[in-house]
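Q: give the three-dimensional model of this entry:
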Amino acid sequence: MLTSFARRVSFPALTVALLVATPALAAPTAQQREESLAVMTSIKLAGNLYSQGKYKESADVVREVQSKVEKLTADGNKDMIQLLEPVFLRLKNAHGLLELEGYTLPPLKEPGTAPPEPATPTQPQPAATPATPAP
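A: Numbering: from 1, shown residues only. Sure thing, here's the model as predicted:
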């Protein structure tokens, strides 16, 4: 059994160790929640426009929402990415539905990921020795 001195020393030490070792779980800021709500409202508008058969207007709103989501998640902020996850799922659905209606939208990128590097063309390497026909 721990002595009273050991309890007094170990409890604060354990508390400090847990606080230092545990990553900070920061809640989303008020501004992040506000931006998230605005984007969610916009994607809902796109869905309503689609339901009304206003596909062009819906596609325009989806493009705007996609641009905003990419800007808001470009820095990789995990709180913002988590807040915008429902919007991203709706964007995926909107892309599929609008493409069925014949609308082309920019490629959808996962939130918080860097855009793919463009492929660099490679030059064919010349053969080390010319091929000789078999006798």
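
Q: where is the longest helix in this structure?
A: helix 30-51 (DSSP state H).

Q: got the contact list for that helix?
A: Residues from elsewhere that reach helix 30-51 (Cβ atoms under 8 Å, 6 or more residues apart in numbering): 28, 55, 57-58, 61-62, 64-65, 68-69, 72, 77, 79-80, 83-84, 86-87, 90-91, 94, 97-98. All C-beta spots, glycine's among them, are computed from the backbone N, C-alpha and C.

Q: likewise for stretch 65-76?
A: By Cβ under 8 Å, 6+ apart, the residues outside stretch 65-76 that reach it are 35-36, 39, 42-43, 46, 80-81, 84, 87-88, 91, 105-106, 108-109, 111-112.

Q: ok, 10 Å please
A: Residues outside stretch 65-76 that contact it (Cβ atoms under 10 Å, 6 or more residues apart in numbering): 32, 35-36, 38-46, 80-81, 83-85, 87-88, 90-91, 94-95, 105-115.

Q: any low-confidence regions in this protein?
A: 1-26, 112-135 (pLDDT under 70).

Q: again, 80 this time
A: 1-28, 111-135 (pLDDT under 80).

Q: quick one, helices of it?
A: Going by DSSP H, the chain shows helices at 4-21, 30-51, 55-73, 78-83, 85-100.

Q: mind putting those helices in CSV, mean neighbour count included?
A: Below are these laid out as CSV (neighbours: other Cβ atoms under 10 Å):
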stretch, mean neighbour count
helix 4-21, 10
helix 30-51, 16
helix 55-73, 18
helix 78-83, 17
helix 85-100, 16
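
Q: OK, contacts around residue 97?
A: Taking Cβ under 10 Å, 6+ apart as the criterion, residue 97 is in contact with 46, 47, 50, 55, 58, 59, 62, 103.

Q: 8 Å instead, please
A: residue 50.

Q: before we move on, what about residue 98?
A: Neighbouring residues of residue 98 by Cβ under 8 Å, 6+ apart: 50, 55, 58, 59, 62, 105.
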